[in-house]
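Asker: got a predicted model here, sequence first, then my questions.
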Amino acid sequence: MRILYCLPSLEIGGAEKVFHDTSLGLRARGHTCSLAVPTIGRGRGVPEIDVDAWDALHEVDADCWRHGCGCLTRLLAEYDLLDLALFAPEWRRPLAAAGRPIVHTIHSIVGWSIWYTYNFYQGEPVAAVVTVDRQAAAYVGDLWPGLRVRHIPNGIDVSKFGTRNAERETHSPPVVGTIGRISPWAKHHVMFARLAGWVQSRARAEGRPAPVFRIVGGSRPENRYLDDRLRAEAEKADGEIEITGYVPPEAVPGHLAAMDVFLLTSSTEGSPLALLEAMVSGLPCVATAVGGVPELLLGDGGPRGALVAVDDDEAAGKAVEGFLADPDLARVVGRRARAYVEREHTLGLMVERREKLYEEILGSGERGTGKRA
């Protein structure tokens, strides 16, 4: 198969990493995988995804892309199938006119994804929609019952993450961490900053070592003011936070190994890769019950972490304190979380499921709207 992945930019994020890792896996299986990106999606002064995962990188002039000029048409004709993520409708229309089956990958049911599904409902041609969590699959399927909707859980390379977190003792002082970009719409970091003050002030009052609260990640150059805003939010709650700034993907396992509890306080999510990576590292995780997070942390065999409501600082703070106070519980939950990810969210499973979907679409000869699967 010849697959063309399309992204609006190369800035590192969850959607970009899923396409990157899927392409590596499919190329290992003998398929051709390339990437198309508008020229305006490069050189923004932000960390970019490694393009070596693709057989070819096609940088298309933005005006040509939006207006569907001949160079774009000729490019699309070289591929059997297109897989898109994060594009607004005006960027997708020229791709739809090329006559190739299109898969849309949706990572949550808010923001861009509402725009996605609205246009599908209006009749935009699509062979399938891939969702990474069951909540999004149900949402899209209910909105458009005739659409082929395939739930393909995110997968990670579990071999990159060790088990040391599930076996060792707590650091002194303990470290509570999260991983993610700081952005204007990332309200979850505000809750993280507040929780730093909530937990640290209680620890000091009780004579315990105050945990370090660390955000592994940073903001874009134009958003550096957000770092100061988060630090001020923590200080207002009588606490403090550390912000590492951008770290490359290969450094993430080491940062996770330095944590005792992973804390994800998102107000919206799909199936967060950072949470999966923390779980497979054997960390006890506390996370808000949004998007696909509950299906990751709840299930048969006991809880794989602690779920709390958005902005419920007391519940989240007590869950963090509970794991820090009971290392045996933290280890049990951490081992359970790792076993689940090794069983359900491996990179191999994600690649295999996407390959099967592509073969199904191409085998049916579809060029437009498919059936719900």
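Answerer: Good, I have the coordinates.

Asker: ranges for the strands of the chain?
Answerer: Ranges of strands in the chain, per DSSP state E, are 2-6, 32-38, 57-60, 81-84, 102-106, 128-131, 149-151, 175-179, 212-216, 242-243, 261-264, 285-288, 306-308.

Asker: now these as TSV including distance to residue 315, mean pLDDT and mean neighbour count?
Answerer: For glycine as for every other residue, the C-beta is placed from the backbone atoms N, C-alpha and C. Shown next, in TSV, are the strands of the chain (distance: least, Cβ to Cβ, whole Å; pLDDT from 0 to 100; neighbours: other Cβ atoms under 10 Å):
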stretch	distance to residue 315	mean pLDDT	mean neighbour count
strand 2-6	39	96	23
strand 32-38	41	95	21
strand 57-60	45	93	16
strand 81-84	38	95	22
strand 102-106	29	91	25
strand 128-131	28	92	26
strand 149-151	29	94	21
strand 175-179	15	97	24
strand 212-216	17	97	22
strand 242-243	24	96	16
strand 261-264	12	97	28
strand 285-288	9	97	27
strand 306-308	4	97	21
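
Asker: out of the ones you listed, which gets nearest to residue 336?
Answerer: Minimum separation from residue 336 across those (Cβ to Cβ) falls at strand 285-288, 10.8 Å.

Asker: show me what that closest one is packed against.
Answerer: If you count contacts as 3 or more Cβ pairs under 8 Å, 6 or more residues apart in numbering; DSSP states H and E, strand 285-288 packs onto strand 261-264, helix 273-280, helix 293-297, strand 306-308, helix 313-325.

Asker: the first one: how far from the chain's middle?
Answerer: The reference is to strand 261-264. Between the centre of strand 261-264 and the centre of its chain there are 15 Å (Cα atoms, centre = their mean, to the nearest Å).

Asker: using CSV, list the CA coordinates for that strand.
Answerer: Extracted as CSV, the C-alpha positions of strand 261-264 are listed here (Å, rounded to 0.1, in the frame of the first residue of the first chain):
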residue,chain,number,x,y,z
VAL,A,261,3.3,10.0,41.0
PHE,A,262,2.1,11.0,37.6
LEU,A,263,-0.6,13.7,37.7
LEU,A,264,-2.7,14.5,34.6
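
Asker: neighbouring strands of that strand in the sheet, and parallel or not?
Answerer: Strand 261-264 pairs in its sheet with strand 175-179 (parallel), strand 285-288 (parallel), by DSSP bridges.

Asker: among these, which is nearest residue 67?
Answerer: Checking the strands paired with strand 261-264 against residue 67 by Cβ to Cβ gives strand 175-179 as the closest, at 38.8 Å.

Asker: residues in contact with the closest one?
Answerer: 189, 192, 195-196, 199, 211-217, 252, 255-256, 258-265, 274, 277-278, 320, 324 (Cβ atoms under 8 Å, 6 or more residues apart in numbering).
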